[in-house]
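Novice: okay, structure incoming, though there's no sequence with it:
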């Protein structure tokens with residue numbers, strides 16, 4: 001669904017990402033209201049953010065193989081609670097001369 005929405009936009013992808021995150025968050029909230037295990041839900045939220053960040057990186061670094069996006073903290077462990085921040089590190093292959 002996200003890939004189709006991104007393919008259909010010729011402008012900035014930010015609204016597409018925002019809508020995808022909103023829909024995913026609503027789905028996770030519904031699962032919470034159905035009393036699904038929290039461990040599954042924090043994993044699902046991390047997976048949701050993974051999908052957006054992976055596509056955003058692919059759009060930005062599409063021709064580059066010398067960059068890596070690394071998740072750290074709780075998000076890096078695959079645990080993303082609803083009010084948690086997202087800790088990321090961007091590693092670039094760059095030599096100082």
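Specialist: Received the coordinates, thanks. Quantities reported herein were computed from a predicted structural model and do not represent experimental measurements.
Novice: which of the residues in stretch 73-83 are buried?
Specialist: 74, 75, 80 (16 or more other C-beta atoms under 10 Å). C-beta: built from backbone N, CA, C; applies to glycine.
Novice: do the same with stretch 50-59
Specialist: Buried, per 16+ other C-beta under 10 Å, within stretch 50-59: 51, 52, 53, 55, 57.
Novice: which outside residues touch it?
Specialist: 2, 3, 6, 13, 17, 20, 21, 67, 69, 71, 88 (C-beta atoms under 8 Å, 6 or more residues apart in numbering).
Novice: quick check: PyMOL command selecting the buried ones in these.
Specialist: The following PyMOL line selects those of the contacts of stretch 50-59 that are buried, judged by 16+ other C-beta under 10 Å:
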select buried, resi 2+6+13+17+20+21+71
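Novice: tabulate the contacts of stretch 50-59 in TSV, adding columns for pLDDT, distance to residue 32 and secondary structure.
Specialist: Listed next are those as TSV, based on pLDDT from 0 to 100; distance: C-beta to C-beta, whole Å; DSSP: H, G, I helix; E, B strand; the rest coil:
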residue	pLDDT	distance to residue 32	secondary structure
2	81	22	helix
3	78	27	helix
6	79	28	helix
13	87	28	coil
17	92	22	helix
20	93	19	helix
21	94	16	helix
67	79	35	strand
69	86	28	strand
71	91	22	strand
88	90	25	strand
